[in-house]
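Q: just need the structure, nothing else, for what follows:
(chains A and B, ligands or ions: 2)
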Amino acid sequence: MTRPLLSLRGVETFYGKVQALRGVDLDVRAGEIATIIGANGAGKTTLMMTICGTPRARHGQIEFDGQDITRLATHRIMHLRIAHSPEGRRIFPRMTVLENLQMGALLNPERDQTFDSDLKRAFELFPILERRQGQRGGTLSGGEQQMLAIARALMGRPKLLLLDEPSLGLAPLIVRQIFEVIRELNAREGLTVFLVEQNAYHALRLAHRGYVMVNGKITLSGTGAELLAREEIRAAYLEGGRH
Amino acid sequence: MEYFVQQLINGLTLGSIYGLIAIGYTMVYGIIGMINFAHGDVFMVGSFIGLLLFLMIGLTAATPLVVIILALIGVLIVAMALTAVWGWTIERLAYRPLRGSFRLAPLITAIGMSIVLTNLVQIAQGARVKNLPPDIKDRLAGGFTVLRGADGFDAVVSYRQLVIVGVTVTLMAFFTWLITSTSLGRAQRACEQDRTMAALTGVDVDRTISITFVIGAALAAVAGVMFLVYYGAIDFYIGFVAGIKAFTAAVLGGIGSLPGAMLGGLLIGLIEVFWAGYVGSEYKDVAAFSILALVLIFRPEGLLGRPEIEKV
Ligand SMILES: Nc1ncnc2c1ncn2[C@@H]1O[C@H](COP(=O)(O)OP(=O)(O)OP(=O)(O)O)[C@@H](O)[C@H]1O
Ligand SMILES: [Mg+2]
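A: Ligands and ions are numbered 1, 2, ... in the order given. Sure thing, here's the model as predicted:
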């Protein structure tokens, strides 16, 4: 078995006195798509942000690419080539689409050579962004912002892509498109993806490995297919069938 | 008419100085949402550093004009560098440790820092007015007549004024380019708009904030040296009045907006000079503060500021 690219051991995160993560253990292996599903408030976003060091884990250890990143400053963690498309998209509102993409490219030390081709690829994945290049991020529609957030993350040519609810608020057709893009990047370029999704059916079908989070703890893990087959998962996260 | 043109020239000169200081207020406010009350005193420190440098060089009446101008450029550069170190240190010592603390905390240390700087200079340099060596002052006082008046009053642009406006325009063009078109400027705006996301894209937020203070202090040093060359005399208290006027300029232009700070500076300079020229110089400072009050009442976002409502 290959060494995991990302591994968390006993990670606990607090907001003041409130504990949001209660000892999380998980691994994401290089080249795989991992997903984490869970109810609102389970701690999924907190987990993603804790990996990036904001907020910081109070206990436990986070390793990335063989390096302990638990106490590293956020920008240093990201420069190890982790890109995050966070909850709420967080597009820079008063920067143009192009400038937002330039911000994303900061993680890539070879950006001077690769920027043009990376930009072209981003526009191929999301053609609408090319037409909106000069528009301010804050004036894009929600769906366009989501695409921009993913494209921005990809511009850094990350080793690990974190995606927090990329399908939120998007039309079903666009959701399918985005999941298709993720699948393709993973298959073609071996991009490692760690995905948080409300849309558990899509996420588990896409992922090689899934984790279920309840109340700040991982309660179940397995391959996507295994989790999809389990009765309690179907009942808790897939009621109403296939979204 | 000549009188009007002369006031216009004087107003633009003074306004350039205010604009340079105002940029420091607006940039710091933009990036950490704090009014840096010590900024006026950084301007004062820059002015004193300039004065000491001029005294060290020791120009005389025989020095050719070219050398004086070269000396001025040299003084500007060294004063910018030294004042920038002050700006950096202040941020490091007084503001960074309080980041993430309650909102008023850095404001209080800023006021404290302002008092510290004022007193430091007062102790080190004395409370009395200090003069630029008359040789330098007189040599830069000459100029050309732009409009000859029938009654013997000519509108004149002095070399000093040309230098001040020229340097200001150059620096403002340079910094506008820096902010709008370089990766440093983008990082700076990113920190302004969403600090957490900036860090998530790999921006070193603390370093970017430091750089903002360094830039603001360097520009304040330029303003300080210009003020020194223009008036020829300074004391430890100039930072207070000039600081408040520049702050007014930043608010008038729209705090957080770089072009706003420049425009606001020019307007405050013009208002002050025209008020003094046509109404009387007793109340010229009151004019600036009345405008601050009116802006805050009728257009709190300033002339070029953006209203607070926006889609995020
Ligand atoms: N900044 C904060 N301050 C205090 N508590 C917070 C903060 N952010 C999150 N929490 C709390 O931490 C818990 C986990 O929140 P988190 O956002 O990680 O959940 P989530 O699994 O991402 O939920 P959702 O599916 O709704 O996005 C929640 O109880 C939430 O109220
Ligand atoms: Mg969430």
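
Q: how distant is the lengthiest helix in chain A from the center of its chain?
A: Criterion DSSP state H: the longest helix present in chain A is helix A:172-189. Relative to its parent chain, helix A:172-189 has a centroid offset of 13 Å by Cα atoms, centre = their mean, to the nearest Å.

Q: which outside residues touch the helix or strand following that helix?
A: Following helix A:172-189 in sequence order, the next helix or strand is strand A:192-196 (DSSP states H and E). Residues from elsewhere that reach strand A:192-196 (Cβ atoms under 8 Å, 6 or more residues apart in numbering or on different chains): A:5-6, A:28-37, A:44-45, A:47-48, A:51, A:87, A:159-166, A:182, A:185-186, A:203, A:206-207. C-beta coordinates here come from the backbone N, C-alpha and C atoms, glycine included.

Q: of these, which belong to strands?
A: Among these, the members found in strands (DSSP state E) are A:5-6, A:28-29, A:33-37, A:160-164.

Q: next, the angle strand A:192-196 makes with the longest helix of chain A.
A: Interaxial angle, helix A:172-189 versus strand A:192-196 (axes from the mean of the first three to the mean of the last three Cα atoms, to 10 degrees): 150 degrees.

Q: can you list contacts of helix A:172-189?
A: With Cβ under 8 Å, 6+ apart, helix A:172-189 has contacts from A:31-33, A:125, A:143, A:146-147, A:150, A:154, A:161, A:163, A:166-167, A:170, A:191-193, A:195, A:199, A:202, A:206.

Q: check which helices and strands the helix or strand hosting B:F175 sits against.
A: Using DSSP H and E, B:F175 sits in helix B:159-181. Using 3 or more Cβ pairs under 8 Å, 6 or more residues apart in numbering or on different chains; DSSP states H and E, the elements in contact with helix B:159-181 are helix B:2-32, helix B:65-90, helix B:134-141, strand B:143-147, helix B:183-193, helix B:205-231, helix B:258-274.

Q: which one of those lies nearest to B:A38?
A: helix B:65-90 (6.0 Å; Cβ to Cβ).

Q: elements contacting that closest one?
A: helix B:39-57, helix B:134-141, helix B:159-181, helix B:205-231.

Q: in the chain, which helix or strand is least confident?
A: By default, I'm working from chain A. Across the helices and strands of chain A, mean pLDDT, DSSP states H and E gives its lowest value to helix A:231-237, namely a mean of 81.

Q: oops, wrong one, chain B.
A: helix B:134-141 (a mean of 75).

Q: now the angle from that helix to helix B:159-181?
A: Using the same axes, to 10 degrees: helix B:134-141 against helix B:159-181 is 80 degrees.

Q: so how far is helix B:134-141 from its chain's centroid?
A: 23 Å.

Q: swap in stretch B:33-52?
A: 8 Å.

Q: count of neighbours near B:L132?
A: 20 (other Cβ atoms under 10 Å in any protein chain shown).

Q: give me the below-cutoff pLDDT ranges for chain A.
A: By pLDDT under 70, the low-scoring segments of chain A are A:1-2, A:239-243.

Q: which strand residues bridge the spatially most central residue of chain A?
A: Closest residue to the average C-alpha location of chain A: A:L163 at 1.7 Å, with Cα atoms, centre = their mean. Counting by DSSP bridges, A:L163 is bridged to A:S85, A:L195.
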